[in-house]
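Student: Turn this into a model:
(one chain, ligands or ions: 1)
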Amino acid sequence: MNARPARHIDGVVPWPEDLAASYRKAGYWQDTSIGSHIAEQVARRPNDEALVDGPVRLTYRQLWQHSGALAQYLLDLGITPGDRIVLQLPNSWMFVALTLGCFRVGIIPVMALPAHRRHELTHLAALADATAIIVADTDKDADLRLIAQQVAAEVPSVRTVLVHGELSDCSVETPEHLLMAGTETPVRFADSDYDPAGADVACLLLSGGTTGLPKLIVRTHDDYVYNVLKCNEVSEFDDKTVYLVSLPASHNFPLACPGILGALFAGGRIVMLPSPAPERALRVIDTEGVTVSAVVPAVAQTWIEYQREHRTLRGKSLRVLQIGGSRMPDELAARVEPVLGARLQQVFGMAEGLINMTRLDDEPEIIHNTQGRPVSEADEIRIVDALGEPVPDGTAGALLTRGPYTPRGYFRAPEHNLRAFTSDGWYASGDIVVRRPDGNLVVAGRDKDMINRGGEKISAEEVENFAYQVDGVEMAAAVAMPDPTLGERLCLYVTLTPGHRIALEDIVDVMNRAGVARYKIPEKLVVVDVMPTTKVGKIDKKAMREDIRERLAREHSSV
Ligand code: OOB
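Tutor: Okay, the predicted model is just below:
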C-alpha cells in the first residue's frame, strides 16, 4: 500500500469517482503497484528461476537487480516518473527487465510493436509526448537506430535514444546510449520512494486500430494488476507455471493475460523466444518443460502442422495452449488437444480491457465452439442491435463493455472517445458477438473497419490514406480477403481517374517511403470501374469482401 496520491497526467480519462470508490471497496482495486506483486515473489523465492532467454537464465533476485539498475539508469539520464518512453524491443530478458524497471519507478512505457517503423514510432512518440525512445539495433532489414534518430529529430520531446545491441557499425549524429550499460548501474533509489500509487498510469498499450493512426490505451497499476490477477485465477497460473512467450511481448495478451506478468506474480518462470517459429518453439517447450503458452490461431496452425509432420514435441509438459487475437476456426480448435496434447483455452480479449476466456474445466463443446466468458464478475457486457437496444441471447449484436479493467477513454483522443465510448462509459468494441444461454460468447464478425491479419490489426483507413497519395487513385477501400493461414489478409480496391494505370508496387512504394510497418502493406490490388455502394451511397465493404472471396475462388480453380 502506498499513501502517495496519483500523479496527474493530462489526457487520461479516469473512471467516475463513485465507481472507482466502489471498485476499491469491492477489493478489485487494491492500491498496489505491479512491481510490488513481483517484489513479493522476489522476497519469497529469490533463487528460483524467473526468466530464461537462450543462454541467459535469471533468478527472481537477478531479474529484480537488473530491473532496478535499468530504472536507475533511466533516472540518471533525466527520465523522470510520469515520463512516457517509447519502448520497442524484441522478446528478450531485456524487455522484461526494462519494463519492470519502468513499472517500479513510475516511468510509463509506450508498448510499441517490433514490426513498427518510422511512421508508427513517430506517431506514438508525438502522441505520448515521449521523452525517450528505446529500440534494438536492427530488426529484419531495418536499422532501428537510424529510425529512432529520425523519430528524435521529428519529435521535439524525445531527448534520449537508447539502443539495445550494437552502435559501432552505425553512424549517428546525436549521442546515443547503450542499454546494456544500464545493467551495471548501482541502484541508489529506494522502491519506497518511487512505488507508484494504484491509480498511477502503468503503461500505454496500442489500440488495434480502426482510426487513421493507432490510439493509446491507458492502463493503471490498479486496473492492470486486477487484469493479471483475474487472468491468473482463470488460467490457473501458480509457481509451477512455465510460460512460453513467443508472440510480441508488448502485446496485452502475452504481457498480462496472464502472460509474463501473470507468471511472475505467481512465482512461475517465463521462457522468451524471439518468434513463434514451430521448429524452435516446440523444441523449447520440451527442453524447458513449458506448461502454458499463448498464440494466435495462425501460429497454432503452424505448430499443429509441424508437430504432425516432425513429432518434435515428445514430452507431456504443455498443459494449456491459450489461443486468441483473431477468430479460431472451429475445425482447428478440435485438433489442438489430440496433436499437441494440451488443453485449449480460447481467449477473446482486447488491449482496451475486457478479457473473455473459456475455463480449463469447461466441456469440450464450449472450449471448441466459443470464445469464452469474461474473467471477472465485475465485467459488464451489453449486446445491442443497430439502434443500441439489447438483443436476446442467441442473437448477434454489437458488443459493449465496462468494468474495473476497461478504461473509459483513449489517451488524448477526446473526439475519437465520443465515438468509441457511449456517454455512460461503455466501450464499443466493434465486435459482433452472440451470447449463448450458458453465458459464453461467440465472435460472429465485426462492425469496425479493420483487417485482422493473423492477430495483427490493420486500420483500413490508415492504408486508404496512403493509397490516396498515389497519383491516379480516385477512390480506395481496404478490405479483408480470406486466407487459409492468417484468416485475413489485406486487399486494396481502387478506382482510377481516367487515363491512369497503377500497380500494387506503387502503393507499396508510397508506404515504404513513409516508413510504415510491413504487415500493413496491401497484398493484393483490385482495380474496379466503380466502387460498390450501399443504398445510402456509402462504400459497400461487405460487397467487396464477397467479391474478393469469389475472385480468389475463381483464380484458385483456374490454376
Ligand atoms: C487482442 O487484443 P487487440 O487489442 O490486439 O485486439 C482486440 C480485437 C478484438 O476486439 C477482436 O476484434 C479481436 O481483436 N479478437 C478476436 C479474438 N481475440 C481478439 N476475435 C475473435 N476471436 C478471438 N478470440 O487481440 C487480445 C488481447 C488480450 C488477449 C487476447 C487477445
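
Student: isn't residue 472 right next to residue 495, touching?
Tutor: No: using C-beta atoms under 8 Å, residue 472 makes no contact with residue 495, being 9.8 Å away. Backbone N, C-alpha and C define where each C-beta goes, glycine included.

Student: Could you confirm residue 477 falls within a strand?
Tutor: Yes: under DSSP: H, G, I helix; E, B strand; the rest coil, residue 477 sits within a strand.

Student: Excluding chain neighbours, what is closest to it?
Tutor: residue 493 (4.5 Å; C-beta to C-beta, 6 or more residues apart in numbering).

Student: Mind checking what secondary structure the one you found has?
Tutor: At residue 493 the chain is in strand, as set by three-state DSSP.

Student: For this structure, what lies in contact range of the ligand?
Tutor: Taking C-beta under 6 Å from any ligand atom, the part of the chain that reaches the ligand is made up of 208, 252-253, 257, 324-328, 346-351, 355, 371, 429, 431, 443, 446, 452, 457.

Student: Tell me which residue of the stretch 301-450 of the chain lies closest to the ligand.
Tutor: At 2.7 Å from the ligand, residue 349 is the closest residue in the stretch 301-450 of the chain, using C-beta to the nearest ligand atom.

Student: Quick check: closest non-adjacent residue to that residue.
Tutor: Spatial nearest neighbour of residue 349, excluding adjacent residues (C-beta to C-beta, 6+ apart): residue 355 at 4.0 Å.

Student: and residue 358, what pLDDT?
Tutor: For residue 358, the pLDDT comes out at 98.

Student: give me the number of residues near it?
Tutor: 27 (other C-beta atoms under 10 Å).

Student: isn't residue 59 right up against residue 46?
Tutor: Yes: contact criterion C-beta under 8 Å: residue 59 and residue 46 qualify, at 6.4 Å.

Student: ok so, going back, secondary structure class of the residue nearest to residue 349, three-state.
Tutor: Taking three-state DSSP as the rule, one finds residue 355 in the strand state.

Student: residues contacting it?
Tutor: 227, 230-231, 257, 347-349, 374-375, 405 (C-beta atoms under 8 Å, 6 or more residues apart in numbering).

Student: Can you tell me the closest non-neighbouring residue to the residue of the stretch 1-150 of the chain found nearest the ligand?
Tutor: As assessed by C-beta to the nearest ligand atom, the ligand sits closest to residue 113 within the stretch 1-150 of the chain, at 9.7 Å. Using C-beta to C-beta, 6+ apart and skipping residues adjacent in sequence, the residue nearest residue 113 is residue 248, 5.3 Å away.

Student: give me the number of residues near that neighbour?
Tutor: Neighbours of residue 248 (other C-beta under 10 Å): 25.

Student: With residue 191 instead?
Tutor: 16.

Student: Next, the nearest residue to it once chain neighbours are set aside: phi, psi?
Tutor: The shortest distance from residue 191 to any non-neighbouring residue, by C-beta to C-beta, 6+ apart, is to residue 104 (6.2 Å). Phi and psi for residue 104, reported as degrees, to the nearest 10, are phi -70, psi -40.

Student: taking the residues of the chain next to the ligand one by one, which sit in strands?
Tutor: Counting by DSSP state E, the part of the residues of the chain next to the ligand found in strands is 324, 346-350, 355, 429, 431, 443, 446, 452, 457.

Student: Could you pull out the buried residues of stretch 4-19?
Tutor: Using 16 or more other C-beta atoms under 10 Å as the test for burial, stretch 4-19 gives 6, 9, 12-13, 15.

Student: ugh, wrong one, stretch 500-515
Tutor: Buried residues in stretch 500-515, counted by 16+ other C-beta under 10 Å: 502, 506-508, 510-511, 515.

Student: Please produce CSV containing these, extended by secondary structure and pLDDT.
Tutor: Formatted as CSV, the buried residues of stretch 500-515 follow (DSSP: H, G, I helix; E, B strand; the rest coil; pLDDT from 0 to 100):
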residue, secondary structure, pLDDT
502, coil, 97
506, helix, 98
507, helix, 98
508, helix, 98
510, helix, 98
511, helix, 98
515, coil, 97
